[in-house]
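>>> here is the input, now give the coordinates:
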Amino acid sequence: MNSEPTSLAGWAQKLHEEDMPIFSNTSCQIQSVLADNRKGAMDLASVIMQDPNLTAKLLKMSNSSYYNPSNQKMVTISRSIVILGSTLISEITLACSFFETILSHKNKHKANEEIANAIHAAVQAKSLAILSNDNSPEEVFIAALLHNLGDIAFWCFSETQGESILAQIQSGKTKKVAEREVLGFHLSSLSIELCRLFQLSGLIKESINNISNNRTHLVTLSHAISQASKQGWESESMNHCLSELAKISTLPIKTLKKTLQKNTTLAVKIAQQFGAYEASNFIQTNAQSTENTLESREQSVSTTDTKQLQFQIFQDISNLLCEKIDLNLLFETVVEGIHRGLSMDRSCFMLATPRKDKLNEKFSFGWNKEAMHQKISFTLSPNPPNLFFYVSQSNQALWATPTEHKAYYTPHIINTLGNIECFLLPLYTENKFIGIIYADRAISHNALTQDDFKTAQHFAQQATLGLNLYRINK
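Residues are numbered from 1 along each chain as shown. This next block holds a predicted model:
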């Protein structure tokens, strides 16, 4: 029985809500952060760190020579944003989230071909943007990557309808005719509808909606180059692409052709770094297309040892303490160190109000919220005293458990956090209460250990040290 949608709206809804919810959620939240002038790096980091797999992929891409030619080591999202900037990190996050969604399924031949076209075109687009002195080559990269969003999504998740379209094409019909006869709409229309649902904006939206300008021309030209490379570097279609490219560059045709060929070889490696190994084999290149494939696979699955990660983040914090101290960046790095370095499920830094009667979330990682604007908040009142009030008064880190600290697990604590064990780490300077770092494993339910508690306290001590240094140097 065929349960596939039978309309454009049906397909868009299915992909948005059932097949690609990770990308949909990430895309909408990123656009929300970028569109709000009140939101900054911490909000962007919070979006990324909701997903550990996305965090790992983003850091891997951030440290690649393609995005980080200066080879500055980055082990935290906070530092990645500082070094590469919020805009670039947003673009890489979109790309990583996109691949995390579509590559989580068993891709078919046609799906991998579409993914290959997108990656090849994206790499070419970034190069064309640089040649034409574009102000944001990365934006052109992501626009080219997602230009045929509907095609990629459809072929990754379609079944019988996809087979019917392929049969029509093999019988001699054009792609557009086959799509119209089987689906009743073109996949380019699906791209437009998904662009709206995913709340994609800027050049991505302009490109998908075929708005003509100099920058969207770079996107369409890059896709033409990707298609022309399959017909050969001496083909008529490639010569046409080179003629178009010559209009936006002062370089000779021979040099431009060599640049495009190098880009094609590079696209194979980029595909592999994104985890699209099968798709990388579809990218046409004069070089050996599977070069370093095994090496790339091995590098992609290697994970940083937990102790090594903790050490590296401590080094980042030490560097921050030697510079002009940015308290927001310091606190974010400390909490990220606790969250990722100790494999916590939920972490949060809450700042005390001036009257010390309430704690309000400054930023959080790993919390499943219905909306980004929702903030965690707790009262600091002795009637009745809760976990946070107890810690704010004691000036000592607490490893709280429902058994030992039952009296402080008030209904609001249980309803908000759950009846679970957790770490609460107060921050003070000059005996003045500043706030609390909170962390737990409420999702995985993995046990907390004494070693975890000591390490978390060590991270919190670095935040306190930074507070004191900031006060002295202010």
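>>> for the chain, name the helix or strand with the lowest mean pLDDT.
Every helix and strand in the chain was compared by mean pLDDT, DSSP states H and E; the lowest is helix 293-301, with a mean of 39.
>>> which residues touch the residue nearest the centre of the chain?
Nearest to the mean C-alpha position of the chain, by Cα atoms, centre = their mean, lies residue 93 at 2.4 Å. Residue 93 makes contact with 26, 30, 44, 47, 48, 54, 58 under the criterion Cβ atoms under 8 Å, 6 or more residues apart in numbering. Where C-beta positions appear, they are placed from N, C-alpha and C, glycine not excepted.
>>> quick check: next helix or strand after the helix or strand hosting it?
Residue 93 is part of helix 86-102, with elements assigned from DSSP states H and E. Remark: after helix 86-102, the chain's next helix or strand is helix 109-131, criterion DSSP H and E.
>>> which residues of the stretch 51-200 of the chain score low on pLDDT?
104-107 (pLDDT under 70).
>>> hang on, the earlier thing: now do the residue nearest to the centre of the chain against residue 26, distance only.
7 Å (Cβ to Cβ, to the nearest Å).
>>> what do those two both touch?
By Cβ under 8 Å, 6+ apart, the residues touching both residue 93 and residue 26 are 47, 54.
>>> tell me which residue of the chain is furthest from the middle?
Distance to centre of the chain, Cα atoms, centre = their mean, peaks at residue 383 (42.5 Å).
>>> now do the contacts for it.
With contacts defined as Cβ under 8 Å, 6+ apart, residue 383 has no neighbours.
>>> helix, strand or coil for it?
Here residue 383 is recorded as coil under DSSP: H, G, I helix; E, B strand; the rest coil.
>>> now do the strands in the protein.
346-352, 358-365, 377-379, 398-400, 422-429, 432-440 (DSSP state E).
>>> partners of the fourth one, with directions?
Read it as strand 398-400. In the sheet, strand 398-400 lines up against strand 422-429 (antiparallel) (DSSP bridges).
>>> now the strand it pairs with and strand 346-352, what's the angle there?
Counting by axes from the mean of the first three to the mean of the last three Cα atoms, to 10 degrees, strand 422-429 lies at 30 degrees to strand 346-352.
>>> what's the local residue count around residue 11?
By the measure other Cβ atoms under 10 Å, the count of residues near residue 11 is 26.
>>> let me redo that: residue 432
Residue 432 has 11 neighbours, counted by other Cβ under 10 Å.
>>> for residue 356, see how far away it is.
Counting by Cβ to Cβ, the gap from residue 432 to residue 356 is 9 Å.
>>> one more: residue 406?
Distance, residue 406 to residue 356, by Cβ to Cβ: 25 Å.
>>> higher neighbour count, those two?
residue 356 (12 against 9).
>>> I figured the more buried one hits residue 379, correct?
No - judged on Cβ atoms under 8 Å, residue 356 makes no contact with residue 379 at a distance of 10.8 Å.
>>> so which residues of the stretch 201-350 of the chain form helices?
202-208, 214-231, 236-246, 253-273, 277-280, 293-301, 306-322, 327-341 (DSSP state H, counting those that start in this stretch).
>>> circling back: reformat the contacts of residue 93 as a markdown table; add neighbour count.
Below are these laid out as a markdown table (neighbours: other Cβ atoms under 10 Å):
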| residue | neighbour count |
| --- | --- |
| 26 | 24 |
| 30 | 25 |
| 44 | 22 |
| 47 | 24 |
| 48 | 25 |
| 54 | 21 |
| 58 | 24 |
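>>> residue 278: how many residues sit nearby?
Other residues close to residue 278 by other Cβ under 10 Å number 18.
>>> what's the pLDDT at it?
On pLDDT, residue 278 comes in at 87.
>>> you'd agree it is up against residue 112?
Yes - in terms of Cβ under 8 Å, residue 278 counts as a neighbour of residue 112; the distance is 4.7 Å.
>>> ok, for residue 159, nearest residue in space, not its chain neighbours?
residue 4 (6.2 Å; Cβ to Cβ, 6 or more residues apart in numbering).
>>> need the residues that contact stretch 34-41.
Counting by Cβ under 8 Å, 6+ apart, 32-33, 43, 78, 81-82, 86-87, 90, 201, 328-329, 332 sit against stretch 34-41.
>>> list the buried residues of that stretch.
Residues of stretch 34-41 classed as buried by neighbour count (16 or more other Cβ atoms under 10 Å): 34, 39, 41.
>>> mean confidence for that stretch?
For stretch 34-41, mean pLDDT is 80.
>>> mind checking how far it is from the chain centre?
How far stretch 34-41 lies from its chain's middle: 16 Å, per Cα atoms, centre = their mean, to the nearest Å.
>>> kindly report the same for stretch 137-155.
15 Å.
>>> ends of it, what's the gap?
Using Cα to Cα, to the nearest Å, the end-to-end distance of stretch 137-155 comes to 28 Å.
>>> buried residues of that stretch, list them for me.
For stretch 137-155, by 16+ other Cβ under 10 Å, it's 137-155.
>>> next, count neighbours for residue 378.
Neighbour count for residue 378, taken as other Cβ under 10 Å: 22.
>>> that one contacts residue 385, correct?
No - with contacts counted by Cβ under 8 Å, residue 378 stays clear of residue 385, the gap being 11.4 Å.
>>> quick check: neighbours shared by the two?
With contacts defined as Cβ under 8 Å, 6+ apart, no residue is adjacent to both residue 378 and residue 385.
>>> how many neighbours does residue 210 have?
When neighbours are defined as other Cβ under 10 Å, residue 210 has 12 of them.
>>> report the contact partners of the closest residue to it other than its chain neighbours.
Leaving aside its sequence neighbours, residue 210 sits nearest to residue 216 (Cβ to Cβ, 6+ apart; 7.5 Å). Residue 216 is in contact with 143, 203, 206, 207, 210, counting by Cβ under 8 Å, 6+ apart.
>>> ok, residue 216 to residue 430 distance?
In this view, residue 216 and residue 430 are 56 Å apart by Cβ to Cβ.
>>> for residue 250, same thing?
Counting by Cβ to Cβ - residue 250 and residue 430 are separated by 62 Å.
>>> quickly list the domain ranges of the protein.
The chain breaks down into these domains under automatic domain parsing: 8-301, 306-473.
>>> if you compare these, which one is most tucked away?
Comparing the domains of the chain by mean neighbour count (mean count of other Cβ atoms under 10 Å), domain 8-301 ranks first with a mean of 19.
>>> and that one, how far out from the chain's middle?
The chain centroid and the centroid of domain 8-301 are separated by 14 Å under Cα atoms, centre = their mean.
>>> do the same with stretch 345-359
27 Å.
>>> ok, residues contacting that stretch?
With contacts defined as Cβ under 8 Å, 6+ apart, stretch 345-359 is touched by 331-332, 335-336, 338-339, 360-367, 376-381, 388, 392, 433-444.
>>> change it to 6 Å
Residues outside stretch 345-359 that contact it (Cβ atoms under 6 Å, 6 or more residues apart in numbering): 331, 335, 338-339, 360-367, 376, 378-380, 388, 433, 435-444.
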